[in-house]
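Chemist: generate a structure from the sequence data that follows.
(one chain, ligands or ions: 2)
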Amino acid sequence: MNDKDYTTDTEKDIKKGRRTIQRIGIMGGTFNPIHFGHLVTAQEALGQFNLDKVIFIPTGDPPHKVGKDIASSEDRYLMTVIATASDKNFLVSRIETDRKGKSYTIDTVRELRKIYGTDATLYFITGADAILEILAWKNTEEIVSLCKFIAATRPGYNLSRMKGLEKKLFNSKNNKGEKIFVMEVPALAISSTDIRNRVKNNRPISYLLPGGVRSYILKHGLYG
Ligand code: ATP
Ligand code: MG
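Modeler: Ligands and ions are numbered 1, 2, ... in the order given. Got it, this is the predicted structure:
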């Protein structure tokens, strides 16, 4: 990965010795396609947790799955770049786009930890649905030792099940301190699944996602 892609005002400050510790949000997702639910969640995390930047990380190609319903990793990466282009605190990483074979969150978090060093605080940002999936995986203890989690509210999903998991996971000796933060975000009942269905059925998708992303979908005949 190219470190130059990650140079922001914060990094310039760090180089000049004005600041040392970075607070970084990691927003993982399929982004098939990216929509305003993702963007509002990232923006809220930036403000509420005083982050220096949020790095969007679109997943790579799932084995044997690219087709009508899942756009290629390259298309999903480009749509994410288009959606975030005007915000200087939003960056997009190719870390999973360029990785061969199946991508595991743990590998991505390990790699980011290497890039940003042990002093940086990494926050993995997820919606209420995805946090449960991630915490139910293997390697959870290691992931939790490398980063904290921000669980955003999402219409249709309940965060109460998280409590049990939290107790189980965070009482181990490696994982002390608060690790999961619940974040209220303006409720947007938008999903990529619904957007794909709308495209399939010739229904409008304006105002659910950035105009540039809509144009990209139509121009390339995605999800049609
Ligand atoms: P799909 O319907 O294909 O699963 P999606 O809309 O859930 O798509 P993902 O790419 O799966 O989007 O989600 C990436 C991350 O963004 C996940 O952590 C998910 O919980 C979160 N997220 C997605 N949509 C919203 C939303 N409307 N509000 C809050 N969080 C969201
Ligand atoms: Mg999803």
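
Chemist: which residues of the chain fall in strands?
Modeler: With DSSP state E as the criterion, the chain has strands at 23-29, 53-58, 90-92, 121-127, 148-152, 180-183.

Chemist: with mean neighbour count, distance to ligand 1 and mean pLDDT as added columns, please give those in TSV.
Modeler: Backbone N, C-alpha and C define where each C-beta goes, glycine included. Output for the strands of the chain, formatted as TSV (neighbours: other Cβ atoms under 10 Å; distance: least, Cβ to the nearest ligand atom, whole Å; pLDDT from 0 to 100):
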stretch	mean neighbour count	distance to ligand 1	mean pLDDT
strand 23-29	22	3	97
strand 53-58	25	8	97
strand 90-92	22	13	97
strand 121-127	23	2	95
strand 148-152	23	5	94
strand 180-183	17	9	91
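
Chemist: can you put these in CSV and add distance to residue 38?
Modeler: Formatted as CSV, these follow (distance: least, Cβ to Cβ, whole Å):
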stretch, distance to residue 38
strand 23-29, 6
strand 53-58, 8
strand 90-92, 10
strand 121-127, 9
strand 148-152, 10
strand 180-183, 14
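
Chemist: among the ones you listed, which comes closest to residue 101?
Modeler: Closest to residue 101 of the strands of the chain is strand 53-58 (Cβ to Cβ; 16.0 Å).

Chemist: format the CA atom coordinates belonging to that closest one as PDB.
Modeler: The C-alpha trace of strand 53-58 is given here as PDB (Å, rounded to 0.1, in the frame of the first residue of the first chain):
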ATOM      1  CA  LYS A  53      -9.700  10.500   9.400                       C
ATOM      2  CA  VAL A  54     -11.900   7.700   8.400                       C
ATOM      3  CA  ILE A  55     -10.500   5.100   6.000                       C
ATOM      4  CA  PHE A  56     -13.100   3.300   3.900                       C
ATOM      5  CA  ILE A  57     -12.000  -0.300   3.100                       C
ATOM      6  CA  PRO A  58     -14.100  -2.000   0.400                       C
END
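
Chemist: which residues does it contact?
Modeler: Identification of contacts with strand 53-58 by Cβ atoms under 8 Å, 6 or more residues apart in numbering yields 6, 8, 10, 22, 24-31, 34, 38, 42, 45-46, 73, 76-77, 80, 84, 89-93, 95-97, 108, 112, 125.
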